[in-house]
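Colleague: build the 3D model from these lines:
(one chain, ligands or ions: 2)
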Amino acid sequence: MNYWKEFLPFYFYSAIAGSLTIKASWYKSYSLSKILLLAGVGMISWMFVEYGLHRFFFHYEAKSPTAKQLVYRMHLSHHENPKALDSLFSSLYTSVPFASFYCLLTWLVTGSWQMMSYLFLGLITGYFAYELLHYQAHHYTSKLAPLRYLKKYHMLHHYQSPKCRFGVTTPFIDWLFGTYKAVASKNAEKTLTV
Ligand SMILES: [Zn+2]
Ligand SMILES: [Zn+2]
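Modeller: Ligands and ions are numbered 1, 2, ... in the order given. This next block holds a predicted model:
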């Protein structure tokens, strides 16, 4: 496995979010509780970003060949070959435009690049949790019941209902937007072995 290539997004976003956080705390002294609150909001916002991207971009029914190719590279290649790491972890080509848009939007809304930095730190924490949970869903069967549940839930998205069960870090977001389906299924246990 080429760790440098496959894990490049982890190094890249750790460096960006880390530098922004250090710079933000250097220039303006927010209280620890405000920093934690902003990072917490950033983490919660990840849940919505994850859902929005997965449902509306990654499974977009493209018409033009260029758009089809883009959707394939962003996500459908992962459905075609779920265990391959180069399509399991989002590439920087996919994530950088969305990450830039998130930073710009939160900067405009809050009017403060320091607040944006703490929100981004939370977002990246959520994003890393997503990548790790997604990895475990395809490559590992945990003894912990919540992780086994998330694995099962995601396997059913792959092999039974690609138009539902978009949440990887939590099924709560599917419940919120009407795409939740319970995992109780004859095939659910079978999918754990895929
Ligand atoms: Zn997957
Ligand atoms: Zn999908």
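Colleague: give me the contacts around the helix or strand containing G18.
Modeller: In the assignment (DSSP states H and E), G18 maps to helix 8-27. Contact with helix 8-27 is made by 30, 35, 89-92, 95, 99, 113-114, 116-118, 120-121, 124, 127-128, 131, as judged by CB atoms under 8 Å, 6 or more residues apart in numbering. All C-beta atoms are positioned from the backbone trio N, CA, C, and that covers glycine.
Colleague: same thing but at 10 Å, please
Modeller: 2-4, 7, 30, 32, 35, 38-39, 42, 89-92, 94-96, 99, 103, 112-125, 127-128, 131-132 (CB atoms under 10 Å, 6 or more residues apart in numbering).
Colleague: what's the answer for stretch 59-66, then?
Modeller: By CB under 10 Å, 6+ apart, the list of residues contacting stretch 59-66 reads 53, 67-72, 74-76, 79, 157, 162-163, 166.
Colleague: what comes up buried for it?
Modeller: H59 (16 or more other CB atoms under 10 Å).
Colleague: do the same with stretch 110-121
Modeller: 112-121.
Colleague: quick one: mean pLDDT over it.
Modeller: Here stretch 110-121 scores 96 as its mean pLDDT.
Colleague: please state the offset of it from the chain centre?
Modeller: 19 Å (CA atoms, centre = their mean, to the nearest Å).
Colleague: using PDB, write out every CA atom in it.
Modeller: Provided in PDB are the C-alpha atoms of stretch 110-121 (Å, rounded to 0.1, in the frame of the first residue of the first chain):
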ATOM      1  CA  THR A 110     -19.500  34.700  10.600                       C
ATOM      2  CA  GLY A 111     -17.500  37.700   9.300                       C
ATOM      3  CA  SER A 112     -14.400  36.300  11.000                       C
ATOM      4  CA  TRP A 113     -11.600  34.100   9.600                       C
ATOM      5  CA  GLN A 114     -10.800  32.900  13.200                       C
ATOM      6  CA  MET A 115     -14.300  31.600  13.700                       C
ATOM      7  CA  MET A 116     -14.100  30.000  10.200                       C
ATOM      8  CA  SER A 117     -10.900  28.300  11.300                       C
ATOM      9  CA  TYR A 118     -12.400  26.700  14.400                       C
ATOM     10  CA  LEU A 119     -15.500  25.600  12.400                       C
ATOM     11  CA  PHE A 120     -13.200  24.100   9.800                       C
ATOM     12  CA  LEU A 121     -11.300  22.200  12.500                       C
END
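Colleague: can you tell me what sits against it?
Modeller: So stretch 110-121 is contacted by 13, 16-30, 34-43, 45, 99, 102-109, 127 (CB under 10 Å, 6+ apart).
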